[in-house]
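Undergrad: Provide a 3D model corresponding to the input given below.
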Amino acid sequence: MPTVKDIIITKNAADFPPDCKVWPIWTHGPDSFDWEYTQTEKCLILEGRVTIADRPAAGQTVSFGPGDFVVFPKGLKCRWTIQKAVRKHYNFE
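TA: Modelled structure (predicted):
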């Protein structure tokens, strides 16, 4: 089963998919919630600050913010904690 260690975060815009800026946009205010990925998700963070933790809790976290391109693997069970309202382009495979 994937863990937060399997989340890929890329900061180099040259490595982003060329069409990611036309993907749909998702927004959400500060919050904390559980999530399970039934598909791989790729997203470009436009605004906000997020920390992802493994579920069940294992002490592992990753954080990301504006300008980060993030890939969440299929099968990941995690807890989202949004510290600052997030706005992102996203795409599911």
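Undergrad: Any figure for the gap between the residue lying farthest from the centre of the chain and Phe69?
TA: What lies farthest from the middle of the chain is Ala14; by Cα atoms, centre = their mean that is 18.8 Å. According to Cβ to Cβ, to the nearest Å, Ala14 stands 11 Å off from Phe69. Glycine gets a C-beta too; all of them are placed from N, C-alpha and C.
Undergrad: same check, this time on Trp26
TA: From Trp26 to Phe69 the distance is 15 Å (Cβ to Cβ).
Undergrad: Which one's more surrounded, those two?
TA: Higher neighbour count among Trp26 and Phe69: Phe69, with 21 against 12, using other Cβ atoms under 10 Å.
Undergrad: Report the central residue of this protein.
TA: Centrality entry for the chain: nearest residue to the mean C-alpha point is Val70, 5.2 Å, by Cα atoms, centre = their mean.
Undergrad: Quick check: phi and psi at that residue.
TA: Val70 has phi and psi values of phi -120, psi 140 when expressed as degrees, to the nearest 10.
Undergrad: surely it meets Gly48?
TA: No. Between Val70 and Gly48 there is no contact, the gap being 11.7 Å when judged by Cβ atoms under 8 Å.
Undergrad: Spatially, which residue comes closest to Val71, not counting chain neighbours?
TA: Ile8 (4.2 Å; Cβ to Cβ, 6 or more residues apart in numbering).
Undergrad: The one you found touches Asp68, doesn't it?
TA: No. In this structure Ile8 lies outside contact range of Asp68 using Cβ under 8 Å: 10.1 Å.
Undergrad: Distance check, the residue nearest to Val71 against Pro24.
TA: 20 Å.
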